[in-house]
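Q: Any chance you can model this:
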Amino acid sequence: EAYRKTVLKEMEGQLERPHQLFGWAIMLKAELLNDEGRLMESVPIYKEALAEYAPLTSTKVYQKKGAITNALGIIYARQSYYDVAADYFSQSDHIFSHYVKDPVDIWRVKNNIGNLYYLQSLYGKAAKFYQESIDLKKEYLGEYHPSFIKGYNNISNMYSEMGKMNLALEFEEYAYRISENYSQESEYEKIFRFTSMGVILKRLGRYEDAKVELQLAEAVFKSTSEKYPELRADLDFQWGGFYHETNETEKAIAYFNRVIKLYRDMGQETNQLVPKAILSIANVYADLGQTQNASKEYDNAISLYRTIYGNQYSDLTMAYINKASRLFKPLKQYDQSIEALNNAIDAIPGYNPKDSSNFEKVQDKMLLLKGFSEKALIHKKQYDGTQEIDYAQRSLIYRRLCDALVVDLQENGTYEDHLKMLNRLDRVYDNAVALEQTLYEQTSNLKFLDEAYYFAERGKNVLLRQQLLESEQKQFDLLPKELVQLEERLKNNIA
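A: A predicted model of the protein is given here:
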């Protein structure tokens, strides 16, 4: 308030309408809070600024309104209030497109809308807005402007999350080529570029090429006096993953420990990369068969995840699933594996185990499908080892839950959910058919034969609906051409 009065006094008589001055001063106050990381404190201040600007209709004021609604969209997206964020981004897009008509503002908000969909794993929609943002930039800036780098990085990250590593590499190479020719590229940007390329090449199995890129990032670190602790930690984490995959396990553990030490030395043990590094060490020990060390590190990672995020968090679920599948399952410790999977399922945000077939509030249904199918698989292994019908029936209970979740995903899921679902259909339906047939042969109970027929028909139904969905999505041109081509190959492989 003191700042606003000072500004008002300095500019007294210069503006006919006080609303514009008050709106501007309030907006600056909100931006200061935002810059300090006090995001939710800035929200009511931004809204107060909007109220001051409401009666004004000049282009300059509309630019401010668009900037405020865009800022509110970013804040709510970071807090995972995605519906509210979408509403503010929509307002911002409308304002910039119809009243301001500045291409810079339009492509920024479209890129932010892409980020919003990316955060929700709605990759098809994210790709659409990322591409619209880039196409707008190309009209005004040409093909190789440095502002494209971030956009191409976003698209590359999106395809990486989808497991489409060839497409991720293609867009990372676009960003890479622009960066190479950008004379003002900072050391920070160079490290980021080399590390990002190394990660993608590693995931493609091109380890020698990946090593070259990671070494280039190291060379930049050696040439600069800047510490860049977050980049340093990320690069060490990637080195750990690289050496794990190339079976140099001592080096892998050493690099993961460097990540942990770096954040602990900074007093930031709750940084999200710390439990990931601990979990990675546990995975290394499990792969080496060092069960005591693995169990200890899994428990450390799980404890830290609970400390940071509480009892429901997707990474906590993955820690339990890794413990079940990489530690207990190879040792045929199936009871312990089931216990870990129960904990994994309970940790999925929005899932209520007391209402196991209600998926309305579940935030990551594909993760729940993974948990159900893993439990069905373990119970099947218990049945194979003992021939006790009780285990077979437990396996079928979770296959039926898988089927109910597949129905829910068909009706309410995203296009990306459907794509991921294809990779698990054989485990959901084909294995169920085989198990039902086995139980029928053992018991002569026609119920099992009827259920075998049901699962066989459901498997065909899901594949047919999947093909229909693909046809509809492509008809409305919501997917990039490259993704459509990849999916055609996937469909042929399934057939």
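Q: Buried by neighbour count: which residues of stretch 451-461 qualify?
A: Buried residues in stretch 451-461, counted by 16 or more other CB atoms under 10 Å: 451, 452, 454, 455, 456, 458, 459. In this view, the C-beta of every residue, glycine as well, is placed from N, C-alpha and C.
Q: Grab the nearest non-local neighbour of the last one.
A: Taking CB to CB, 6 or more residues apart in numbering, and ignoring the residues beside it in sequence, residue 459 has residue 429 as its nearest neighbour in space, at 3.5 Å.
Q: before we move on, the earlier item: quick check, nearest of the buried residues of stretch 451-461 to residue 265?
A: For the buried residues of stretch 451-461, the minimum distance to residue 265 (CB to CB) is 53.1 Å, reached by residue 459.
Q: can you pull the pLDDT of the closest one?
A: Residue 459 carries a pLDDT value of 77.
Q: try residue 494
A: pLDDT, residue 494: 49.
Q: do residue 107 as well
A: pLDDT for residue 107: 86.
Q: That one: how many residues sit nearby?
A: 24 (other CB atoms under 10 Å).
Q: before we move on, what about the one 3 residues further on?
A: The criterion is other CB under 10 Å. On that basis, residue 110 has 26 neighbouring residues.
Q: Next: the one 4 residues further on.
A: Residues lying near residue 114 (other CB under 10 Å) number 27.
Q: Kindly report the same for residue 237.
A: Using other CB under 10 Å, the number of residues around residue 237 comes to 22.
Q: dump the residue contacts of it.
A: Applying CB atoms under 8 Å, 6 or more residues apart in numbering to residue 237 gives the contacts 255, 256, 259, 273, 276, 277, 280.
Q: pLDDT weak spots in this structure?
A: Residue ranges of the chain with pLDDT under 70: 1-27, 29-30, 33-37, 39, 413-427, 462-495.
Q: 50 - rerun?
A: For the chain, the stretches flagged by pLDDT under 50 are 15-17, 473-479, 487, 494-495.
Q: I figured residue 169 hits residue 199, correct?
A: No - taking CB atoms under 8 Å as the definition, residue 169 is not a contact partner of residue 199, at 10.4 Å.
Q: Could I get the full set of helices for the stretch 51-200 of the chain?
A: For the stretch 51-200 of the chain, the helices defined by DSSP state H, counting those that start in this stretch occupy 59-78, 82-95, 103-119, 123-141, 148-161, 165-180, 187-203.
Q: Can you list phi and psi of residue 206 for me?
A: Torsion angles at residue 206 (phi, psi; degrees, to the nearest 10) stand at phi -90, psi 70.
Q: Can you report how many residues lie near it?
A: Per other CB under 10 Å, the neighbour tally for residue 206 reads 16.
Q: for residue 167, same thing?
A: Count around residue 167 with other CB under 10 Å applied: 21.
Q: which residue packs closest to it, ignoring adjacent ones?
A: Spatial nearest neighbour of residue 167, chain neighbours left out: residue 159 (4.2 Å); criterion: CB to CB, 6+ apart.
Q: between residue 169 and residue 199, who's got more neighbours?
A: residue 199 (25 against 20).
Q: Which residues are in contact with the nearest residue to the more buried one once chain neighbours are set aside?
A: Nearest non-adjacent residue to residue 199, counting by CB to CB, 6+ apart: residue 238, 5.6 Å away. Taking CB under 8 Å, 6+ apart, we find residue 238 in contact with 195, 198, 199, 202, 214.
Q: likewise residue 271?
A: So residue 271 contacts 233, 263 (CB under 8 Å, 6+ apart).
Q: If we ignore the residues flanking it in sequence, what's nearest residue 179?
A: Excluding its sequence neighbours, the residue lying closest to residue 179 (CB to CB, 6+ apart) is residue 193, at 5.0 Å.
Q: Next one: the one you found from residue 212, what distance?
A: Taking CB to CB, to the nearest Å as the measure, residue 193 falls 13 Å from residue 212.
Q: and what of residue 59?
A: Taking CB to CB as the measure, residue 59 and residue 212 are separated by 50 Å.
Q: So for these two, which residue has more residues nearby?
A: Neighbours were counted for residue 59 and for residue 212 using other CB under 10 Å; residue 212 has more, 14 against 10.
Q: need the contact list for the more buried one.
A: By CB under 8 Å, 6+ apart, residue 212 lies in contact with residue 198.
Q: same thing but at 10 Å, please
A: Residue 212 makes contact with 194, 197, 198, 201, 206, according to CB atoms under 10 Å, 6 or more residues apart in numbering.
Q: so which of those is the most crowded?
A: The most neighbours of any of these, using other CB under 10 Å, belong to residue 198, which has 26 neighbours.
Q: didn't that one look like it was pressed against residue 169?
A: No - Residue 198 is beyond contact range of residue 169, at 11.4 Å (criterion: CB atoms under 10 Å).
Q: Spit out the residues that contact these two alike.
A: Common contact partners of residue 198 and residue 169 (CB under 10 Å, 6+ apart): residue 206.
Q: Can you pull the residues that touch both of residue 169 and residue 199?
A: With CB under 10 Å, 6+ apart as the test, residue 169 and residue 199 both reach 156, 160.
Q: give me the element the residue nearest to residue 199 is part of.
A: In the assignment (DSSP states H and E), residue 238 maps to helix 229-245.
Q: just how off-centre is that helix within its chain?
A: 19 Å (CA atoms, centre = their mean, to the nearest Å).
Q: Helix 187-203 and that helix, what's the angle between them?
A: 20 degrees (axes from the mean of the first three to the mean of the last three CA atoms, to 10 degrees).
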